[in-house]
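**Q** My questions concern the predicted model and sequence given below.
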Amino acid sequence: MGRAGSAVAARGRREAALPGYERLNADVPVLYAPRLAWKATEVGGYLAQGYRTLGQILSVEPPGIVAYLMAGEDWHRAPRDNARPYPPGLPYFTRSVEPPALVLPEKLSTVFWPRTAATLPLTVWHELAHAFLLGREVVRTPAWLREFVPQAASAAVARRVGLPLGEYLSRIDRDPGFTVRGFGGPAGAGDQMSFQNMLLLLGAAALEEFGEDFLRRTFYAIWEEEEIVDGERAEELLGDALGPGGREWLVSRPELQEEPL
Ligand SMILES: [Zn+2]
């Protein structure tokens, strides 16, 4: 979830070899373990919704990608950027194969919280949004902006397709003891989830206040950046993308307050 994919695209690579895996053809084809056929259909539905909707919201040509729905026992064979397998149950996006891939576990890690009907679709759309953003070269940005973008995008998809987020948002811990601004570096899985959830709250609030057009502006603003984006620039960039009053609104948000000393 916090992994943005390797900065260096692995051109010339092929799809991962997963003998026995079946393929569900769609805009985002799903390669899946045969016993996960039902799950593949469910996930394929979320992918189709997210792919179409993000393409519309962002007015971009969607990236050519595939999804791997991995059986638990095959997790170590999933395509990835590093040699060692990632912790089980955490979806991610990787450009280590061609086409680039969303890797989805058969079961989400228990780290994913709150658990509601929205948890899985939000997670799928989050990874999909990473794939859209990384469809072009992207400079380094602070962790909060890098993860805010897919969180706000997944909330925007939920709005468009009529998936209510009320229950999910109401169950988020709004005071985990830190704010998103200083978050980065090694952190426990629980804090990672709190970080993501705060960004979802921020994204949902931004959509409420400014509508969804800021997302397209944010994607393009990030694509146009040529130097590493520091915290100050990240705030300016997002504040301006939000629209009139955006910068003031952003600094007023509890999620972005300075770290308590
Ligand atoms: Zn992420």
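**A** Yep, it's here.
**Q** Phi first, then psi, for R80.
**A** phi -160, psi 170 (degrees, to the nearest 10).
**Q** Remind me which helix or strand the residue in the stretch 151-261 of the chain that the ion sits nearest to belongs to.
**A** When scored by Cβ to the ion, the stretch 151-261 of the chain has Q196 as its residue closest to the ion, at 7.3 Å. Any C-beta I mention is one placed from the backbone N, CA and C, and that applies to glycine too. Counting by DSSP states H and E, the element that carries Q196 is helix 189-210.
**Q** for the ion, what are the nearby residues on the stretch 101-250 of the chain?
**A** Residues of the stretch 101-250 of the chain lying close to the ion by Cβ under 5 Å from the ion are E147.
**Q** Could you give the number of residues near the nearest residue to V180 once chain neighbours are set aside?
**A** In space, V180 comes closest to W144 once its chain neighbours are excluded; the distance is 4.2 Å by Cβ to Cβ, 6 or more residues apart in numbering. As a burial measure, W144 scores 25 neighbours (other Cβ atoms under 10 Å).
**Q** helices or strands up against the helix or strand harbouring W144?
**A** Using DSSP H and E, W144 sits within helix 143-161. The contact analysis (3 or more Cβ pairs under 8 Å, 6 or more residues apart in numbering; DSSP states H and E) places helix 143-161 against helix 37-58, helix 119-133, helix 189-210, helix 213-224, helix 231-242.
**Q** most packed of the ones you listed?
**A** Sort these by mean neighbour count, taking mean count of other Cβ atoms under 10 Å, and helix 119-133 sits at the top with a mean of 24.
**Q** what helix or strand does the residue nearest to G190 when sequence neighbours are not counted sit in?
**A** Using Cβ to Cβ, 6+ apart and skipping residues adjacent in sequence, the residue nearest G190 is V111, 7.1 Å away. Here V111 sits in a region with no helix or strand, counting by DSSP H and E.
**Q** circling back to that earlier point, pLDDT of the helix holding Q196, averaged?
**A** Average pLDDT, helix 189-210: 96.
**Q** Same check on stretch 225-234?
**A** 96.
**Q** circling back: can you check the pLDDT for the residue nearest to V180?
**A** pLDDT for W144: 96.
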